[in-house]
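In: need a 3D model of the sequence below.
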Amino acid sequence: MQSTYSTAKVCQYKNQSNCNLALEPELTEILIHSRDPEELKYVWHAWRNASGRNVKEDFIKYVELSNEIARLNNYTDMAEFWMKEYEADDFPQQIEAIWQQIKPLYLELHAYVRGQLRRKYGESVVSKDGPIPAHLLGNMWAQTWNNIAEFTTPYPGKKLPDVTDAMVEQGYNATKIFRVAEDFFTSLNLSPMPDTFWQNSILEKPEGVELICHASAWDFYDGKDFRIKQCTRINMEDLLTAHHEMGHIQYDLQYKNQPTVFKDGANPGFHEAVGDTIALSASTPEHLQEIGLLDDASTDKEAVLNHLYLNSLDKVVFLPFAYMMDKWRWGVFQSKITPDNYNCEWWSLAEEFQGIVPPVKRSEDDFDPGAKYHIVASVEYIRYFVSFVVQFQFHRSLCIEAGQYDPQNPQTKALSECNIYGSKEAGKLFKSMLELGSSRPWPDAMEKITGQRKMDASDTLIFFLIITLTMRSASKLSSSLSESEIVSSPASMYPESSEVKSPPPFFLLAVAANGVKILFSN
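Out: Residues are numbered from 1 along each chain as shown. Okay, here's the model as predicted:
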């Protein structure tokens, strides 16, 4: 399945004689930059024909073998086997409860973006109150929507904090991108990358080599050899991906002295959260300005709100996708979803959770789940949901430790504006959790850094409170949005906390046969 995925190619939209377009970089770049709905529909459809449609039979066999492995290890099925890492019998119920916390915020964002898309493409393409066609959202799987921020932002006259042009102008290359990421970690008094990292990592796509470009981090379990594989592009997205992947390596470095059995994250979501926690600071206009990638004009209040909106198109939008990915697979492994309704159930969940629909008719001859890497590579995905929740819990605690955020006086500096770069105190607190590896149950590791023992989305809601109010205001003021698009979120979406009484101004683990641990980006 991975081989089919990695070698899948499609023909160019208006030149069917050129059939050498790969997912990375060609199709991804089209989805990012094209505003032609017909071209976007073609690319969306062609990729699924070239990838997922060709692996359904292999996937059916994979499910059988996976469940057999689980039963040999005294688990009912592979769903139960995957969930054991989270050490809670009620883990699915915990995830559902967190989703219910986040859902009103997502509905607010969905309604706002749908209105902006309808203004751009017209009501014949995007309805007033229905789901959004999946091909219009700037990403092959609609898992993040940040690539459409340029024409949906609340303050279109203000510059988005996209530093891609500045990176190109300043001569950034792949190595420079990873050196900038390393600098953030070392500014916290965490570990630099070892020499072998720079010698052995693949940071650019090799010429003439068929390679799965999906970014991943590798721990060779000898305490010395740690690597990243990433086909780095010179843009802001890959700059932040570099922080994410280096977060995996940093975690590996911090627990390298643990016994081998404990050389792992406290749970899979923790491993994903480390680099993303750092990226929450690294992506702030303040930090991008201090490393010379943004000018002063990008840090006024409206520009900062645009940045927070951009963040919401990544961090909030991703959550329902991550949930439905593994909710679907849990159902498959538990035989609640069978091969004769794989695709139907996939799109039923996508519409229920993401509020999206396919742009062309689908059938059971199609296998759209197989167009996503983590499906064909057997990488459980709920880790990313967990990560996107706990990273905000980590962020809040590190910001308090760094003196960058006061929960009793949040109007001084919003949680979303915190930048822990250079804080040795925050680094020391982070290190105290990272060095535990998996030697303690994850609630112990959580308590070490946050003082809490449960996953909770309250800090996520606090982080995005200002942009929530901004989007709601923009929706109500826009004559082009119907009343049904203005989603009234209940008061319960905001946590009862002194932190929100006075809003600020304006308003994986995969283990290869050789025992090497590999961690993937989402």
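In: check which helix or strand covers W218.
Out: strand 216-219 (DSSP states H and E).
In: do K158 as well
Out: Using DSSP H and E, K158 falls within no helix or strand.
In: packing partners of the helix or strand just after the strand holding W218?
Out: Going down the chain from strand 216-219, the next helix or strand is strand 226-229, by DSSP H and E. Contacts defined by 3 or more CB pairs under 8 Å, 6 or more residues apart in numbering; DSSP states H and E place strand 226-229 against helix 195-200, strand 216-219, helix 236-254. Using the backbone N, CA and C atoms, a C-beta is placed for each residue, glycine as well.
In: same for the strand holding W218, what does it pack against?
Out: If you count contacts as 3+ CB pairs under 8 Å, 6+ apart, strand 216-219 packs onto strand 226-229, helix 236-254, strand 517-520.
In: redo these as TSV? Include distance to N409 and mean pLDDT.
Out: Output for the helices and strands packed on strand 216-219, formatted as TSV (distance: least, CB to CB, whole Å; pLDDT from 0 to 100):
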stretch	distance to N409	mean pLDDT
strand 226-229	39	97
helix 236-254	29	96
strand 517-520	38	47
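In: what's the most buried one of the ones you listed?
Out: The highest mean neighbour count among these, using mean count of other CB atoms under 10 Å, belongs to helix 236-254: a mean of 25.
In: and it, C-alpha only, in CSV?
Out: This file holds the C-alpha atoms of helix 236-254, laid out as CSV (Å, rounded to 0.1, in the frame of the first residue of the first chain):
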residue,chain,number,x,y,z
MET,A,236,6.7,29.0,6.4
GLU,A,237,4.8,25.8,6.6
ASP,A,238,7.9,23.7,6.3
LEU,A,239,9.7,26.0,8.8
LEU,A,240,7.1,25.0,11.4
THR,A,241,7.2,21.4,10.3
ALA,A,242,10.9,21.4,11.0
HIS,A,243,10.1,22.6,14.6
HIS,A,244,7.6,19.7,14.8
GLU,A,245,10.0,17.0,13.6
MET,A,246,12.8,18.4,15.7
GLY,A,247,10.5,18.2,18.7
HIS,A,248,10.4,14.4,18.2
ILE,A,249,14.2,14.3,18.2
GLN,A,250,14.4,16.6,21.3
TYR,A,251,12.1,14.2,23.2
ASP,A,252,14.3,11.3,22.0
LEU,A,253,17.4,13.1,23.3
GLN,A,254,15.9,13.9,26.6
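In: same question for the very next helix or strand once past it, mean pLDDT?
Out: Using DSSP H and E, the helix or strand that follows helix 236-254 towards the C-terminus is helix 268-282. What helix 268-282 shows for mean pLDDT is 95.
In: quick check: angle from helix 268-282 to helix 236-254?
Out: Comparing the axes of helix 268-282 and helix 236-254 via axes from the mean of the first three to the mean of the last three CA atoms, to 10 degrees yields an angle of 130 degrees.
In: counting by contacts, list what helix 268-282 packs against.
Out: With contacts defined as 3+ CB pairs under 8 Å, 6+ apart, helix 268-282 has these neighbours: helix 174-187, helix 236-254, helix 382-401.
In: reformat those helices as a markdown table; add distance to N267.
Out: Below are these laid out as a markdown table (distance: least, CB to CB, whole Å):
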| stretch | distance to N267 |
| --- | --- |
| helix 174-187 | 22 |
| helix 236-254 | 12 |
| helix 382-401 | 7 |
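In: out of these, which is closest to A50?
Out: Nearest to A50, of all the helices and strands packed on helix 268-282, is helix 236-254, at 23.4 Å by CB to CB.
In: chain center to the longest helix anywhere in the chain, what's the gap?
Out: Longest helix of the chain, by residue count under DSSP state H: helix 91-121. In terms of CA atoms, centre = their mean, to the nearest Å, the centre of helix 91-121 is found 15 Å from the chain centre.
In: which residues does the closest residue to F392 other than its chain neighbours contact?
Out: Of all residues not flanking F392 in the chain, D459 sits nearest, at 4.1 Å (CB to CB, 6 or more residues apart in numbering). D459 makes contacts with 392-393, 395-396, 415, as judged by CB atoms under 8 Å, 6 or more residues apart in numbering.
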